[in-house]
Structure formats: C-alpha cells, structure tokens
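> 3D, please:
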Amino acid sequence: MEIRRTKITDALKCTEFGKDINVKGWVRTKRGNKQVNFIALNDGSTINNIQIVADVEKFDENTLKSITTGACISVVGKLVQSIGGGQSVEIQAEEIKIYGLADPDTYPLQKKGHSMEFLREIAHIRPRTNTFGAVYRIRHQMAYAIHKFFHDRGFVYFHAPIITASDCEGAGQMFQVTTLNLDNIQKDEKTNVVKYENDFFGKPTSLTVSGQLEAELAATALGAVYTFGPTFRAENSNTPRHLAEFWMIEPEVAFNDINDNMDLAEEFIKYCVQWALDNCNDDLQFLNQMIDKGLLERLQGVLKNKFTRLTYTEGINILEEAVAKGHKFEYPVFWGCDLASEHERYLVENHFKNPVILTDYPKEIKAFYMKQNDDGKTVRAMDVLFPTIGEIIGGSEREENYDKLMNRIQELNIPMKDMWWYLDSRRFGTCPHAGFGLGFERLLLFVTGMQNIRDVIPFPRTPKSANF
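Numbers count the residues shown, from 1 in each chain. Prediction:
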C-alpha cells in the first residue's frame, strides 16, 4: 500500500515516532561519509528543511551520487527523533525515488551566497531559495489577510477592468492596448490621426493605472467595496520603489469622510502587520536574521501607537525647520512641492519616530477627483507614511459636487468624452465618499524587510525588462 505524502511543515511537527512517512521535495544540501548520507529536503511548505538520513549500504551507489543540490526526490522512511541539533525530527530513509536530476555543473543555486541582482536574472529558479520562499509565502498570507479584513467588515470585492479608455490619474503614462499592425499603422490622410475604428475596441485603450474610478461607482450602489488586482504604469523609473506592473488594493466607502478614511487605513494596515506576525513567524524570523535585523522590532513598533496625524503645511514647516538647522535633503523643501521619499521618511523616522498620516495637500499636486477644502488651495487628501518606505497609502475624500468636479476636469483639460460615465455618479444620487490605494508590493517591502521592490513580486516588470 502506497504511503500518502506528508508535507514537510507537518512532518516537522509530528511526534508519532517510528511511523512510516513519505515526504517529497527538492534537495537543498547533501553531505556524508562512507557510512551515511545526510540530505536536507524542502518542499516549499516551510522555511525549514527536514533531514533525511540515508545509510549507504541500503542504496545503490549511483542513486546516492545522483542526489545533488536541486534534485527532486521522494523519500519513504521512519520518522525518528533527531539526535543532532537544529531539528527535532528526521527520517531514516528506506526508499528513495528520484523524480528529477539537477546537474551540479549547471544548476545555478549551489550552496553559497547569491546576490539579489543575480537571482533576478533567474527569477524562474529563485523561489527555491530560502529568502524568496519566505517572501512568497508572506505574499500569500498578506493577500489572504487583505481579503479577510474587508470580507469580515462587510465590503464587497469588486473587479475593476484591466483594459480601460480612461486615465484615472490624468498622468498619461499608460501602456496602450491595440490589435493594429504596428508595422503598418493606418492614419487619416487629412488629420494624420490613427484610424482607431480598425482597432479591436474602435478607440484608444490602455492597461489600467487604477481601479478607483470604477470602485467609486460601485460604492454608490453597494456601500463599501474594494478592488485588488494588477495595475500598470509606463513610468521610465529604474528605482528600488517602482514597477511597471504591480498590484493595488483600493477600498471605497460611501458616506465616509477624510477622518473615516484615515481610521480605515490605520486599522487596515495594522491588521495586515499583526496578521504577518501571527501567521508568518518562521519566515519573519529568518528574514529578520538574514535580511533586516530590525524587521521584527519595526513591525511590532507599528502596532504600539496611534499614527501621528498632521497637515501637509505642518509637515513642510517641520522639514523647513530641519533644513534651517543644517539637515541636508537632496530635493528642495517648499510649500507646494511634491514630497520626496527622503522628506516623508524624515518625518517618520527622525522627527516623530512613528507612522504619519499627512492631510490637506496642495490641490496642484493631487488628482482631479479629490475634494477641495474651503481655502481653495488644498484638498482632503491623505498619505500614510511608513519607516523605510515613505508613502505606503494614498487616498482622499472624493469631490462629490458635480459643478466643482466639472470645473477641475476642465482646468486640467481632461477629455470629457472619456469621463461621462464617471460624472453620472455625481448627476444621479451623488453622495459623500472616500477611499485610498495601497500598493501591495510597498506593503510587502515593509513586512519582509526586502530592499528592492523587484524582490517582492515573482516576475518584476521594469523598463527594458519583461523576461519570463
């Protein structure tokens, strides 16, 4: 009778010593002598390996020689208490079956340190490393926590489109979607404009930069919704904080104002951090030891205090005072500037030593849909700023007044033909509402302690890079 496979995470917790057990996975290391081989096996279910003890006399010499780092094997044997340090149980192998060999001369993950740059070049293999196994398990847990948070609070998961004819941010940095033959683009002879009537959708379309506008419409019918899906920005940014393809979480709630929005953002992000601490302990302990020795302390620190709340103007005053006292910033500080990451991190890490929520930004540096304050200069925007990251959440109370929204759209020369459906939500039963966006990979940077956003998504899409 065939013994069913046991996941290694379960085998390591098992105390039924003497029981026959079957584990399968990939060899991390093998060492030994003339009498016995010790094989470290991992199946991805945990950061921890299980040790396989293979007596040389029980197995064919060629079989044992074929078991090298990276090989995939199945092992049947007895679960016993380990007499060595580092693990509580091990398996005395009785049968070993090799599923797949890994040539030690060409397998790229040998027992040595590898740079993050090198591992990005082999993104199809890097999930087998301890670091990326931990990152991707945490990524899964964070995705689950996000859905659970909103589901438990009565939100509706709303699927916004990936292909769109509108630009939510008004920035124009979008990836175009077309079925036209790019080697033979047909244009109108008089206007020299591309004949989009021949394209699949009959008009210019792009990959979405945000699901927010659609979420706003849904909130005016369903009350509280959230989107969670891929978004795309065609920014030529080669930085550790930017991707061309990333995932966004965007809740939108009818009848919420800016204060409700801040409360929701703080509750949400604290929930996610607590979930990671409660459900990813082994992986976080590993990352704390190997990647960022202050990780666990920083995660726990986020939960201790209420986030500091202040206006953009107050934040600028603090930064200007720092400059006056001799602090050097790469980018200038003045009222009206779009804060750089270094400014945001100064407020969080140097001044308050606590996460910060900045509100009431100048309207000129924020999107058209944000509700204007009575001063005519600022909008009810909010950014949540975190240590090591800077901005991790951006949101606002939305402008629900039709005339004010129309005026802002005209000021920014946003094509009305693309926005009629959005304006209908202000014409028919408009209501106060608010929401925010959280870049999933920014959250993962904070939770994992990784230094580059390309290392918290399986296959990063960046300028001149779309491999795999």
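
> Show the average pLDDT along the host helix or strand of residue 253.
Residue 253 is part of strand 245-254, with elements assigned from DSSP states H and E. The predicted model gives strand 245-254 an average pLDDT of 98.

> Now do it: which elements does it pack against?
With contacts taken as 3 or more Cβ pairs under 8 Å, 6 or more residues apart in numbering; DSSP states H and E, strand 245-254 sits against helix 212-222, strand 224-232, helix 258-279, strand 433-439, helix 440-448. (Glycine included, C-beta is placed from N, CA and C.)

> right, so of these, which gets closest to residue 206?
Closest approach to residue 206 among the helices and strands packed on strand 245-254 is made by strand 224-232 (8.0 Å; Cβ to Cβ).

> Show me what the closest one pairs with in its sheet, parallel or antiparallel.
strand 156-157 (parallel), strand 245-254 (antiparallel) (DSSP bridges).

> Report the next helix or strand after the first one in sequence order.
In the C-terminal direction, the helix or strand that comes right after strand 156-157 (DSSP H and E) is strand 163-164.

> give the contact list for the residue most central in space within the chain.
With distances taken as Cα atoms, centre = their mean, the residue of the chain nearest its centroid is residue 441 (2.1 Å). Contact analysis of residue 441 by Cβ atoms under 8 Å, 6 or more residues apart in numbering lists 243, 246, 247, 453, 456, 457.

> if you set the cut-off to 10 Å instead, what comes out?
Taking Cβ atoms under 10 Å, 6 or more residues apart in numbering, we find residue 441 in contact with 139, 241-243, 245-248, 450, 453-457, 460.

> hang on, the earlier thing: just send the helices and strands packed on strand 245-254 back as a markdown table, with distance to residue 468 and mean pLDDT too.
Formatted as a markdown table, the helices and strands packed on strand 245-254 follow (distance: least, Cβ to Cβ, whole Å; pLDDT from 0 to 100):
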| stretch | distance to residue 468 | mean pLDDT |
| --- | --- | --- |
| helix 212-222 | 29 | 96 |
| strand 224-232 | 16 | 97 |
| helix 258-279 | 27 | 98 |
| strand 433-439 | 21 | 98 |
| helix 440-448 | 17 | 97 |
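
> quick one, which of those is nearest to residue 378?
Short answer: helix 258-279, nearest of these by Cβ to Cβ, at 11.3 Å.

> and residue 90, that one's in a helix?
No. Counting by DSSP: H, G, I helix; E, B strand; the rest coil, residue 90 falls outside a helix, being strand.

> and it, what are its bridge partners?
residue 51, residue 80.

> The residue lying farthest from the centre of the chain - nearest residue in space that isn't next to it in sequence?
Note on the chain: the largest C-alpha distance from the chain mean falls to residue 57, namely 48.9 Å (Cα atoms, centre = their mean). In space, and not counting its chain neighbours, residue 57 is closest to residue 35: 7.9 Å by Cβ to Cβ, 6 or more residues apart in numbering.

> OK, contacts around the residue farthest from the centre of the chain?
34, 35, 36.

> Which pLDDT value belongs to residue 172?
Reported pLDDT for residue 172: 58.

> begin at 211 from here
Got it, the first residue is 211 from now on, which makes the last one we talked about residue 382.

> related to what we said a few turns ago, most neighbours among the contacts of residue 651, which one?
Tallying neighbours with other Cβ atoms under 10 Å puts residue 666 at the head of those, with 26 neighbours.

> On the pLDDT front, check that one for me.
Looking at residue 666, its pLDDT is 98.

> Would you mind measuring from it to residue 649?
For residue 666, the distance to residue 649 (Cβ to Cβ, to the nearest Å) stands at 10 Å.

> if I look at those two, which residues touch both of them?
With Cβ under 10 Å, 6+ apart, residue 666 and residue 649 have common neighbours 453, 456, 655.

> re earlier: put together CSV for the strands paired with strand 434-442, with distance to residue 342 on each row.
Below are the strands paired with strand 434-442 laid out as CSV (distance: least, Cβ to Cβ, whole Å):
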stretch, distance to residue 342
strand 366-367, 28
strand 455-464, 17
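
> so residue 235 is in which element?
Going by DSSP H and E, residue 235 is in strand 230-242.

> Name every strand pairing with the helix or strand following that strand and say which way it goes.
Going down the chain from strand 230-242, the next helix or strand is strand 246-252, by DSSP H and E. The pairing partners recorded for strand 246-252 under DSSP bridges are strand 230-242 (antiparallel), strand 260-265 (antiparallel).

> Alpha carbons of the last one, as CSV, please.
Pointing back at strand 260-265 there. The C-alpha coordinates for strand 260-265 follow below in CSV (Å, rounded to 0.1, in the frame of the first residue of the first chain):
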residue,chain,number,x,y,z
ILE,A,260,13.8,18.1,7.1
GLN,A,261,16.8,15.9,7.4
ILE,A,262,16.9,12.6,5.5
VAL,A,263,19.4,10.0,6.9
ALA,A,264,20.3,7.5,4.2
ASP,A,265,22.5,4.6,5.2
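
> Thanks a lot, see you next time.
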